[in-house]
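1. give me coordinates for this.
(chains A, B and C)
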Amino acid sequence: MSREDDVLRAEFDLEFTYTRSTGPVIGRFYTDLRDGKLCGIKASDGRVLCPPQEYDPVTAEDLSEFVSLPDTGVVTVWNWVKQPRAKHPLQKAFAWALIKIDGADTPMLHAVDAGSESAMKPGMKVKVRWAKERKGAITDIACFEPA
Amino acid sequence: MREVAIVSYAQTPMRRDAGANNDVEMLMGTLQEALSNVGMTQKDIDFTCSGSCDYLGGAAFAFVSAVDALGAVPPIAESHVEMDAAWALYEAWLKIQCGKADTALIYGFGKSSHCALPDMLCLQLDPYAMQPLWPDSISLAALQANALLQSGKYTERDLAEVVANSRRNAKGNPKAQLKGDYTVEQLLKEPTFVSPLRKHDCCPISDGASVLIMTTREKAEKLCKRPAFITGIDHRIDAHGLGMRDLTVSTSTRIAGEKAGVHKGKVDIAELYAPFSHQELILRDALGLDPAKTKINPSGGALAGHVFMACGLDRIGAVATSIMNGEASRGVAHATSGPCLQQNLVAVLEG
Amino acid sequence: MSDEKTMVEGFEAPISLHYTFAAGHAISKFLRSMKEGKIVGQRSPATGKVIVPPRGSCPESGKPTTEEVELGDTGTVITFTVVHIPIPNNPVKPPFIVANICLDGADQTFIHLVSDCNNDDVKIGTRVKAVWKDKAEWDYSMDNIKYFKPLDEAPVDIEKLKASRLKEVGKYRHA
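-> A predicted model of the protein is given here:
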């Protein structure tokens, strides 16, 4: 504890060692990521959702029709992080972006390693940079990079 | 429907770090102020409801300790929402509608100075596809801001105008944390933080607590010269996945506003819970508010001080105060929760 | 390839958040006294009851508490349990006793360990005294007390203790 005026302050770390179960839909998505592939799922209106959702966003029906997708896509919207926070996936300036995987109709969030803010353009093509070690998680995608 | 009116509202000053005061110590004085405004004691309260966040307190059930500020012996009828206290007000309003209470006390509190709030807010995201990447709340807001700018509806200048107005309005708010005179040009010269947002486009980190009392018409009219009647209240939620919605609009706010009856009369003032400047523009559009006819965020809004978990209640409190003071006849208060304005509550208050 | 490997059914999702926690006025004062080896509670202006550790408010009335009351380090076991699982990184080995202890002159219990005794001898009403760490190790912490040790005194009738405390605090009540 440190002393400052009349108040005592203490540093502490709050940690939760959660293990989450995935279920059949997220499980299939993660299995594909581990194997270096991407998949989406078909919604009732014909749209392909990636990341796959367990339930239809409109009708709430169970979804189960998986669609294999490539590891390339298009940036729809982005920002530019000059100074990454300690927990961010990249420890240099990067963009967070919503990325529509080719063949999908809804975008996913991930980081784009584009080098500079001026390299970011609407509709820019990007591809997955796979993590060196993959274990079945969203972080199996290290980030996206300009294609 | 029972007619319910706000009769008292008290707020601590919003500060970057309330340091010495813990949650209970922040609350006690504010509670006493809200009660004594209308000559009440805890015994006059039928139902107490609070909003706070245990992650902010850093402990499970952290909110329970705040009960020590209430004088809750013998045991009182009490409830808590792990949401902004505006939703605690909604629960209390329902309780009064059900005839289970006449008078309710609502409080919200938070000390964001304890931890990194932008990181903590990752815990409200999809735990599979988003949270493990730790996209902090400022980063997600910046994505939304860029979507809005790219849509061509607004420019960076419009964002800076929101900030300049907030800082100027806050000069009249003794509780505000950030205030002053800034020109749009001055603001636009600042470097970007998480582009396209600049630091001043983001709400500050604030510590504080707020307390509000509401009651039925018969009682309200005895307690207060101009009670602020809640004539409409509704809340709606958009999809959880950011990729599943159009970030440049707030459909949930629009529908909540329609259900609450925003358009049924002239809106003198509106207090919108926009933690980021561009969100005020999205909310204004969603509620169909014209800044030429409606004073927007006369308190300075969330950009002037953002007590996480009380900021929505503060919007309601600010509108109610204007009505009780006779400065406004009809106003709209808005509260939000979740990333990029996911969930929204709209209340219409009338004198 | 995925046909040969198993499907992913779960994943590790550790979460950690860093805090700098401020203790507040009342608890800061309390911990500052603890560093000096003193246990200092606060008296409620509404009920006369002595609260320890104090939180700055009287939980019964919601009134701020300011009057400080220095207490001794002896008290009574109000209730207890015998724990058979270890506390991670704690030298106290199971089975050990966790007790709700009411210090003499206080009206609120707190939880601490009871040790250095035959666990079977501990009863509701057992009189105990704090065993402190070496003075050099004292910090702003309740841990300055290693544990409470039973005193060689007759156990107390809890109901009688409560009644006498109520009579005692009645003298201070003025709200």
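2. which secondary structure state is assigned to residue 59?
-> All of this refers to chain A. At A:Thr59 the chain is in coil, as set by DSSP: H, G, I helix; E, B strand; the rest coil.
3. mind listing what it touches?
-> A:Thr59 makes contact with A:Ser44, according to Cβ atoms under 8 Å, 6 or more residues apart in numbering or on different chains. For every residue, glycine as well, the C-beta is placed using N, CA and C.
4. and A:Asp62, by the same measure?
-> A:54-56.
5. same check, this time on C:Val122
-> Contacts of C:Val122 by Cβ under 8 Å, 6+ apart are C:77, C:80, C:97, C:99, C:114, C:150.
6. quick one: name whatever helix or strand follows the helix or strand where the third one lies.
-> Using DSSP states H and E, the secondary-structure element containing C:Ile97 is strand C:96-103. Toward the C-terminal end, the helix or strand that comes next after strand C:96-103 (DSSP H and E) is strand C:110-114.
7. before we move on, the earlier item: what angle do the strand holding C:Ile97 and strand C:110-114 make?
-> Orientation check (axes from the mean of the first three to the mean of the last three Cα atoms, to 10 degrees): strand C:96-103 against strand C:110-114 gives 130 degrees.
8. show me where pLDDT drops low in the chain?
-> As the question left the chain open, I've gone with chain A. A:1-6 (pLDDT under 70).
9. that answer is for a different chain, and I need it for chain C
-> Across chain C (using pLDDT under 70), the flagged ranges come out as C:1-4, C:173-175.
10. can you pull out the strands in it?
-> C:10-22, C:39-43, C:50-51, C:67-71, C:74-83, C:96-103, C:110-114, C:127-132, C:145-150 (DSSP state E).
11. which residues of chain C lie near chain A?
-> C:1-2, C:5, C:7-25, C:27-29, C:31-32, C:139-141 (Cβ under 8 Å from any Cβ of the partner chain).
12. before we move on, the earlier item: flag every buried residue along the strand holding C:Ile97.
-> In terms of neighbour count (16 or more other Cβ atoms under 10 Å in any protein chain shown), strand C:96-103 has its buried residues at C:96-103.
13. so B:Gly29, which state does it fall into?
-> helix.
14. for stretch B:252-272, which positions count as buried?
-> Neighbour-count burial for stretch B:252-272 [16+ other Cβ under 10 Å]: B:252-258, B:260-262, B:267-272.
15. what mean pLDDT does that stretch have?
-> Mean pLDDT, computed over stretch B:252-272, is 98.
16. that older thread, buried members of the residues of chain C next to chain A into ChimeraX, please.
-> Of the residues of chain C next to chain A, the buried ones go into a single ChimeraX selection, burial set by 16+ other Cβ under 10 Å:
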select /C:8,11,15,17,18,19,21,22,23,24,25,27,28,29,31,32,140
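17. ok, and of the residues of chain C next to chain A, which contact chain B?
-> C:13, C:15, C:17-25, C:27-28.
18. which non-adjacent residue is nearest the closest residue to chain A within chain C?
-> Nearest to chain A, among the residues of chain C, is C:Val8, at 3.6 Å (Cβ to the nearest Cβ). Of all residues not flanking C:Val8 in the chain, A:Gly136 sits nearest, at 3.6 Å (Cβ to Cβ, 6 or more residues apart in numbering or on different chains).
19. in chain A, what residue is nearest chain C?
-> A:Gly136 (3.6 Å).
20. wait, that residue touches C:Phe11, no?
-> Yes. Using Cβ atoms under 8 Å, A:Gly136 is in contact with C:Phe11, at 5.9 Å.
21. circling back: could the contacts of C:Val122 go into JSON lines alongside distance to B:Leu121?
-> Shown next, in JSON lines, are the contacts of C:Val122 (distance: Cβ to Cβ, whole Å):
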{"residue": "C:Val77", "distance to B:Leu121": "44"}
{"residue": "C:Phe80", "distance to B:Leu121": "41"}
{"residue": "C:Ile97", "distance to B:Leu121": "42"}
{"residue": "C:Ala99", "distance to B:Leu121": "40"}
{"residue": "C:Val114", "distance to B:Leu121": "43"}
{"residue": "C:Pro150", "distance to B:Leu121": "49"}
